[in-house]
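Enquirer: turn this into a structure:
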Amino acid sequence: MRLYAAIFLATLSTVVVPIPEEATLLGAGYAARVGSATLPGAMIAGWLAVMIGDTFSYFVGRLLLTRLLRSKLGRRFLPEARRAWAERLVAENGAKAIVVARFLVGLRGFVYFAVGAS
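Expert: Here you go, the predicted model:
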């Protein structure tokens, strides 16, 4: 049980720590291979962490990034015209962006923030 919690927490921590979740999932697969964990248990722990982490990133974008981008600092960083363009782009291609982002190791979290903010 501790190993499954470790798999879950290590994978979920990739929301905060810039470590690709693939690294923790490879470790979970190795643990299943050597018999320290069952494959279904490792898969469930990893899948739950990935889904919770991605959903968390989306809602942080939805709740915080939107406010930040509409603030004085946000308008300075991302002018209104660019923000409108980005929101339109996400509105037209949001589902594609989510599917493609799943395979972009370094950019995945940023895409979910952006989709949440649009």
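
Enquirer: make it CA atoms for all contacts and neighbour counts henceforth
Expert: OK.

Enquirer: tally of neighbours for residue 53?
Expert: If you count neighbours by other C-alpha atoms under 10 Å, residue 53 ends up with 20.

Enquirer: same thing with residue 33?
Expert: Counted by other C-alpha under 10 Å, the residues lying close to residue 33 total 12.

Enquirer: what sits closest to it if chain neighbours are left out?
Expert: residue 39 (7.7 Å; C-alpha to C-alpha, 6 or more residues apart in numbering).

Enquirer: my guess is the one you found contacts residue 32, does it?
Expert: Yes - at 5.1 Å, residue 39 counts as touching residue 32 under the criterion of C-alpha atoms under 8 Å.

Enquirer: residue contacts, residue 63?
Expert: By C-alpha atoms under 8 Å, 6 or more residues apart in numbering, residue 63 lies in contact with 116-117.

Enquirer: could you check how far it is from residue 15?
Expert: As defined by C-alpha to C-alpha, to the nearest Å, residue 63 lies at a distance of 16 Å from residue 15.

Enquirer: before we move on, back to that, which residues do residue 39 and residue 32 both contact?
Expert: What both residue 39 and residue 32 touch, as defined by C-alpha under 8 Å, 6+ apart, is an empty set.

Enquirer: Three-state assignment for residue 37, please.
Expert: Here residue 37 is recorded as coil under DSSP: H, G, I helix; E, B strand; the rest coil.

Enquirer: pull the number of nearby residues for residue 7.
Expert: 27.

Enquirer: ok, it to residue 66 distance?
Expert: Counting by C-alpha to C-alpha, the gap from residue 7 to residue 66 is 32 Å.

Enquirer: just to revisit the earlier point, what sits against the residue nearest to residue 33?
Expert: Contact analysis of residue 39 by C-alpha under 8 Å, 6+ apart lists 29, 32-33.

Enquirer: start to end distance for stretch 13-30?
Expert: End to end - C-alpha to C-alpha - stretch 13-30 spans 19 Å.

Enquirer: which outside residues touch it?
Expert: Applying C-alpha under 8 Å, 6+ apart, the contact partners of stretch 13-30 are 7, 10-12, 37, 39, 42-43, 46, 50, 53-54, 57, 105-106, 109.

Enquirer: kind regards, and thank you for your time.
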